[in-house]
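Visitor: here is my input; please provide its structure:
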Amino acid sequence: MKKPKWVIEKEQSRRASAAETVWLFGLHAVEDALLNPAREKLHLIVTKNAQDKLAEAIGKSGMEPEIADPRRFTAPIDPQSVHQGAALEVKALDWGSIEEVCMGAEGLAPRVVLLDRVTDPHNVGAILRSAEVFGARAVIAPHRHSAPETGALAKTASGALERQPYLRVKNLSDAMEALRRMGYLLFGLDGEATQTIAEATEGKLNRPIALVLGAEGPGLREKTKETCDALVKIPFSGDFGSLNVSNAAAVALYAVAPIPRG
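Guide: Numbering: from 1, shown residues only. So this is what the prediction gives:
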């Protein structure tokens, strides 16, 4: 019996988490990785058509691609992946420490997103895109029970993986405490919370803010909730009160958009 796609992707994520290298695929993801000087690039496999479309990026990267037959694409990725004839083996990015990455930029109070057991690479990829759009300093997740860098995550992120810091830490609560020492307010999203994001952040948008989101279903762990400064909710119209975690992250980031200082 054929495995469902989500099972295949979960197995790939598990293997990628333990592996030293990652295979990115798809024209956008591969192009952005080729153009990223911070990305260590190892092996590029493309069809002739994809080579033509990526000619400029390949030239700038200095890589010598392996040309593959489109009917027999040789990259070690899921055959069902929408690879568009391009796959690139890379080393995972090293963004540095929380203290280095999460320091605020001049004139704007910084924002950070923390993910508690969000393992779906599509959700994490979409959250990286939103984080980049709204100027978050980083997306932070634990090493275990989170989505590592994979081709599926990179493709969903549509290039954001190369630009948006994605830090994976040993202990999420320790990371939250490190942010607190840096002056961050920690707000956990919880559907059962008594106050909305707007109510909790009123008069505080000029402060560093970290948004903490849990996996769909189980939500935030008790330890994570206890480490937050406050639990908040997104107000909904009528009886419908649930959002996909990536949509919730986008709405929450918009709700806490920083007020320019100075």
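Visitor: low-confidence regions, the protein specifically.
Guide: Along the chain, the model assigns pLDDT under 70 to residues 1-3, 5-19, 106, 238-241, 259-262.
Visitor: okay, which residue is most central for it?
Guide: With distances taken as CA atoms, centre = their mean, the residue of the chain nearest its centroid is residue 128 (3.6 Å).
Visitor: got a list of what it touches?
Guide: By CB atoms under 8 Å, 6 or more residues apart in numbering, the residues touching residue 128 are 139, 153, 157, 160-161, 164, 166. Backbone N, C-alpha and C define where each C-beta goes, glycine included.
Visitor: count the residues that sit near residue 37.
Guide: Residue 37: 7 surrounding residues under other CB atoms under 10 Å.
Visitor: typo on my end, it should be residue 57
Guide: Around residue 57 there are 19 residues (other CB under 10 Å).
Visitor: does it count as helix, strand or coil?
Guide: Following DSSP: H, G, I helix; E, B strand; the rest coil, residue 57 is assigned to helix.
Visitor: just give the closest residue to it, not the sequence neighbours.
Guide: residue 34 (4.1 Å; CB to CB, 6 or more residues apart in numbering).
Visitor: now for that neighbour: which residues touch it?
Guide: Contacts of residue 34 (CB under 8 Å, 6+ apart): 41, 44, 54, 57-58, 60-61, 63, 88.
Visitor: can you pull the contacts of the closest residue in space to residue 163 that isn't next to it in sequence?
Guide: Leaving aside its chain neighbours, residue 163 sits nearest to residue 132 (6.0 Å; criterion: CB to CB, 6+ apart). Each residue near residue 132 by CB under 8 Å, 6+ apart is listed here: 160, 163-164.
Visitor: measure the residue nearest to residue 57 to residue 54 for me?
Guide: Distance of residue 34 to residue 54, computed by CB to CB, to the nearest Å: 7 Å.
Visitor: ok, residue 249 - how many residues close by?
Guide: Residue 249: 28 neighbours (other CB under 10 Å).
Visitor: the spatially closest residue to residue 95 that is not a sequence neighbour: how many residues sit nearby?
Guide: Computed as CB to CB, 6+ apart, the closest residue to residue 95 that is not its neighbour in sequence is residue 165, at 4.3 Å. Using other CB under 10 Å, residue 165 has 21 other residues around it.
Visitor: for residue 165, what are phi and psi?
Guide: phi -60, psi 130 (degrees, to the nearest 10).
Visitor: would you confirm that it contacts residue 139?
Guide: Yes: using CB atoms under 8 Å, residue 165 is in contact with residue 139, at 7.1 Å.
Visitor: tell me if I'm right that residue 173 and residue 222 touch.
Guide: No: judged on CB under 8 Å, residue 173 makes no contact with residue 222 at a distance of 10.8 Å.
Visitor: now residue 32: how far from residue 95?
Guide: 16 Å.
Visitor: chain neighbours aside, what residue packs nearest to residue 223?
Guide: In space, residue 223 is closest to residue 173, 5.7 Å off (CB to CB, 6+ apart).
Visitor: just checking, that neighbour is part of a strand?
Guide: No: judged by three-state DSSP, residue 173 forms no part of a strand; its state is helix.
Visitor: got the contact list for it?
Guide: With CB under 8 Å, 6+ apart, residue 173 has these contacts: 223-224, 227.
Visitor: can I get those residues in a markdown table including secondary structure, neighbour count and distance to residue 23?
Guide: Formatted as a markdown table, those follow (DSSP: H, G, I helix; E, B strand; the rest coil; neighbours: other CB atoms under 10 Å; distance: CB to CB, whole Å):
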| residue | secondary structure | neighbour count | distance to residue 23 |
| --- | --- | --- | --- |
| 223 | helix | 12 | 34 |
| 224 | helix | 21 | 32 |
| 227 | helix | 22 | 35 |
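Visitor: let me know the closest of the residues you listed to residue 50.
Guide: Ranked by distance to residue 50 (CB to CB), the contacts of residue 173 are led by residue 224 at 42.0 Å.
Visitor: distance of that closest one relative to residue 53?
Guide: Taken as CB to CB, the span from residue 224 to residue 53 is 43 Å.
Visitor: shouldn't residue 197 be in contact with residue 232?
Guide: Yes: taking CB under 8 Å as the definition, residue 197 is a contact partner of residue 232 at 4.7 Å.
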